[in-house]
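Colleague: Need coordinates for the below:
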Amino acid sequence: MKRRRLLAGLAMVAAAAIAAPGCRSTLRAEPIVIPAAARASYDQALEARARARLLSGEAAGAELANALASARDALARAPDEFRLAVLVQDLEFDLDPRAARERYVEAAPDTAAGRTLAARALLPERTGEAHDLLLAACEQAPRFAWARYGLGFVERARGNPDVALRAAEAALRLDPSLVEALRLVAELCEEGGDRERAVLARERLIEVTGGDLEERHRYARLLLDADDRSDATDAEKELRVILAALGDPPPPGQRRFAGDALVDLGTAYARRNRFEEAIGHWRHALAVDSDCLTALSNIGVVELASRDDPRAALAAFEEYLARAQSIRAPLGADQLLYRLFYVPNQVLELRQRLGLPTDRAAEPAPLSGDELEEP
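Modeller: Numbers count the residues shown, from 1 in each chain. Coordinates of the predicted model:
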């Protein structure tokens, strides 16, 4: 299930250090600081964009337009703050991606900041051109952290994780408040198998974002990936903080995020063989988000493999298929595999094992074109 975002307020925290690979130097991480003159407009832009994400059609467009107006006002008040230029660009793309791309690419930028914005406009399709623009920006302004971070982002997309990691770390050395670079370091360390540094980077992200709920969720999921009981206990603590902040019931726009957190909370209990409590949390996830198929597949797996209850497993898997028929939202690649292969096969095998009819029992509903796309 696609993870949903909820941004928490930024709090003041102490600077943190992350060891760079292959050397003893460190990378500091600090909270984002927006100039005081632009802070109110910046906050208004973020709030309007968050509202737009909960709406659709003309209502969403109106909120995005309000967000863009506030972002442009913030940039006018602090023109040297590149983060504000990035926010303006992102909102322009939200409103009209084709027009925004043409405007930035055809501007023939001659500054490092302009080249970096043009490179962002070319992504993700034209990575080669974006790469050249970012190299030129780094050469023109070697201490411009955003260009260095952008280079790391593109190098990752081009399949050069080691080069990407060095660029991301260099960007963070240049600007310790560049949270995006710290996040890229965390992701690259995860992908490269350096779990210790990935965990440390995720911890720092929580600190410098003032306890951002999405960062907490990413950290909890990283802990759960280890299949370790002590890490599962730490993950449980983070997930409970998230759920307490969301409330019960959560706001309508946060139901999917809450459902995802509850699924992971159930997994934290399953890691410690507390299966009854795990199933309870998965059922709670389903009550919060009726489309949370992961909860049902988890229940089926635990009932079958850990509790040796084929009838309960069959009931969960059949409920999975029944709910899947009514879901119109696109499914992630992992759930497509479950829906098309694993769950139907489990239903068929369990019905045969229990001596129940098998005709048409495990046939999933036909999939529309939208459901075949990754959300």
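Colleague: Can you give the domain ranges for the protein?
Modeller: Using automatic domain parsing, the domain ranges for the chain come out as 1-31+110-211, 34-108.
Colleague: got the CA coordinates for the host helix or strand of Arg83 in PDB?
Modeller: Take DSSP states H and E as the rule and Arg83 turns out to sit in helix 82-95. Taking Å, rounded to 0.1, in the frame of the first residue of the first chain, the C-alpha atoms of helix 82-95 are listed here in PDB:
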ATOM      1  CA  PHE A  82      16.500  28.200  -2.800                       C
ATOM      2  CA  ARG A  83      14.100  26.000  -0.900                       C
ATOM      3  CA  LEU A  84      11.400  28.500  -1.600                       C
ATOM      4  CA  ALA A  85      12.200  28.400  -5.300                       C
ATOM      5  CA  VAL A  86      11.900  24.700  -5.200                       C
ATOM      6  CA  LEU A  87       8.500  24.900  -3.500                       C
ATOM      7  CA  VAL A  88       7.300  27.400  -6.200                       C
ATOM      8  CA  GLN A  89       8.500  25.100  -8.900                       C
ATOM      9  CA  ASP A  90       6.800  22.000  -7.400                       C
ATOM     10  CA  LEU A  91       3.500  23.900  -7.100                       C
ATOM     11  CA  GLU A  92       3.700  25.100 -10.700                       C
ATOM     12  CA  PHE A  93       4.200  21.500 -11.800                       C
ATOM     13  CA  ASP A  94       1.200  20.400  -9.600                       C
ATOM     14  CA  LEU A  95      -1.000  22.900 -11.500                       C
END
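Colleague: my guess is Ala232 meets Arg272, correct?
Modeller: Yes. The pair Ala232 and Arg272 qualifies as a contact (C-beta atoms under 8 Å) at a distance of 5.7 Å. Every C-beta, even on glycine, is put in place using the N, C-alpha and C of the backbone.
Colleague: Neighbour count: those two, which is higher?
Modeller: Neighbour totals were compared for Ala232 and Arg272, and Ala232 leads with 22 against 15 (other C-beta atoms under 10 Å).
Colleague: what helix or strand does the more buried one sit in?
Modeller: helix 229-246.
Colleague: what residues does that helix touch?
Modeller: Outside helix 229-246, the residues within contact range by C-beta atoms under 8 Å, 6 or more residues apart in numbering are 6, 8, 211, 213, 216-217, 219-221, 223-224, 254, 257-258, 261-262, 264-265, 267-269, 271-272.
Colleague: what about the residue nearest to Ser177 when sequence neighbours are not counted, how many neighbours?
Modeller: Closest residue in space to Ser177, ignoring its immediate chain neighbours: Glu30 at 4.7 Å, by C-beta to C-beta, 6 or more residues apart in numbering. Counted by other C-beta under 10 Å, the residues lying close to Glu30 total 20.
Colleague: could we number from 19 for the rest of this?
Modeller: Right, with 19 as the first residue, what we last looked at is Glu48.
Colleague: Can you pull the phi/psi pair for Glu48?
Modeller: phi -130, psi 160 (degrees, to the nearest 10).
Colleague: Next: Pro49.
Modeller: phi -70, psi 150.
Colleague: Can you give me the separation between the spatially closest residue to it that is not a sequence neighbour and Leu349?
Modeller: Using C-beta to C-beta, 6+ apart and skipping residues adjacent in sequence, the residue nearest Pro49 is Val226, 4.9 Å away. Val226 sits 34 Å away from Leu349 when distances are taken as C-beta to C-beta, to the nearest Å.
Colleague: Enumerate every residue touching Tyr167.
Modeller: Residues in contact with Tyr167 (C-beta under 8 Å, 6+ apart) are Ala185, Ala186, Ala189, Leu190, Leu196, Glu198, Ala199, Leu202.
Colleague: Show me which of those are buried.
Modeller: For the contacts of Tyr167, a burial check counting by 16 or more other C-beta atoms under 10 Å picks out Ala185, Ala186, Ala189, Leu190, Leu196, Glu198, Ala199, Leu202.
Colleague: Go through whichever strand or helix holds Leu332 and flag the buried ones.
Modeller: Assessed by DSSP H and E, Leu332 sits inside helix 328-344. Neighbour-count burial for helix 328-344 flags 328, 330-339, 341-342 (criterion: 16+ other C-beta under 10 Å).
Colleague: pLDDT on the following helix or strand past that helix, on average?
Modeller: Proceeding C-terminally, helix 328-344 gives way to helix 351-355 as the next helix or strand, assigned by DSSP H and E. Mean pLDDT, helix 351-355: 81.
Colleague: Stretch 216-229 now?
Modeller: 96.
Colleague: try stretch 51-61
Modeller: The pLDDT scores in stretch 51-61 average 98.
Colleague: Could you check how far the nearest residue to Arg161 once chain neighbours are set aside is from Leu140?
Modeller: In this structure, Arg161 finds its nearest non-sequential neighbour in Leu192, 5.6 Å apart by C-beta to C-beta, 6+ apart. Relative to Leu140, Leu192 is positioned 23 Å away (C-beta to C-beta).
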